[in-house]
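A.B. asks: 3D, please:
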Amino acid sequence: MGSYFKHLHSFLENFKPGMGCISRQVNYSNQWVCNTNGKWTELCKAKFTADATARKESRLDYAGGSQNETFFLKNCGFFSERVPLTHLVRNFDKQIISIYHPTGDIQAAYRLFSEDIASVKNTDEFEQIMKPIRQGYEKIITQAGKSTLEKIWNMNPHSGEKGSILESLKNKGVYINFLEDLGIKYPLIKDYVEMVINAGDVSPACVVSLVRNQGELEISDPDIRLFLAVHYLSLNRKPKKNK
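C.D. replies: Now for the predicted structure:
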């Protein structure tokens, strides 16, 4: 006996290894579902995941997300443009939600987080806000994977792959290029990038800028949440131990 849709999904997969050099992409637009009462609902949200091949990093040429008001999936062809750092964003989202809105409303959770940040008057208050976020640091960093971390941060060469210690935010490369593109839409991020490049890392000026203006950012944009995740993880780095 059949049933109604419960977990609607789509996938893009290459079944012929010899075709792995050819890039493929699919876009989904005008997506609707109808319930048992005949009510139609537009699909405006989707979750992007990857299979075991991607998780163990056998291939890195995969991407997915939103593009020109459509959802898209892309793989193969050895393309090098940025792919969403889904694990990093998703785990940071979970941490913020667990602290600010356990019922799972991501927009409400980030709004309350931004209000907390905007209310900061001194370093002690800032540290109090950072304390519960810091508790999830190890899990977020470990699950992100070394290759992901190396796209964003300079790493401590003396640390192991698990629990790798982040030394400083890279001021050039894939992540900064991503921020520069994001800065076209968000002047706050454009200024942030300039400060990182000039200081060689996340500077006190970067922190102050977000404390004052974080509420202006569009939390519904996953790229913004990636930016916030990297910023706050950068502030919660473990210092190197003196030998």
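A.B. asks: which SS class is residue 207?
C.D. replies: Three-state call for residue 207 (DSSP: H, G, I helix; E, B strand; the rest coil): helix.
A.B. asks: Could you shift the numbering so residue one becomes 531, and keep it that way?
C.D. replies: In the new count, where the first residue is 531, that last one comes out as residue 737.
A.B. asks: Chain neighbours aside, what residue packs nearest to it?
C.D. replies: Nearest non-adjacent residue to residue 737, counting by CB to CB, 6 or more residues apart in numbering: residue 765, 6.9 Å away. For glycine as for every other residue, the C-beta is placed from the backbone atoms N, C-alpha and C.
A.B. asks: Can you show me the strands along this structure?
C.D. replies: 554-558, 562-564, 570-572, 592-597, 600-605, 683-685, 696-699 (DSSP state E).
A.B. asks: Using JSON lines, please lay out those together with mean pLDDT, distance to residue 741 and mean neighbour count.
C.D. replies: Formatted as JSON lines, the strands of the chain follow (pLDDT from 0 to 100; distance: least, CB to CB, whole Å; neighbours: other CB atoms under 10 Å):
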{"stretch": "strand 554-558", "mean pLDDT": "91", "distance to residue 741": "38", "mean neighbour count": "14"}
{"stretch": "strand 562-564", "mean pLDDT": "91", "distance to residue 741": "41", "mean neighbour count": "10"}
{"stretch": "strand 570-572", "mean pLDDT": "93", "distance to residue 741": "37", "mean neighbour count": "9"}
{"stretch": "strand 592-597", "mean pLDDT": "80", "distance to residue 741": "28", "mean neighbour count": "18"}
{"stretch": "strand 600-605", "mean pLDDT": "88", "distance to residue 741": "34", "mean neighbour count": "19"}
{"stretch": "strand 683-685", "mean pLDDT": "87", "distance to residue 741": "22", "mean neighbour count": "18"}
{"stretch": "strand 696-699", "mean pLDDT": "85", "distance to residue 741": "17", "mean neighbour count": "19"}
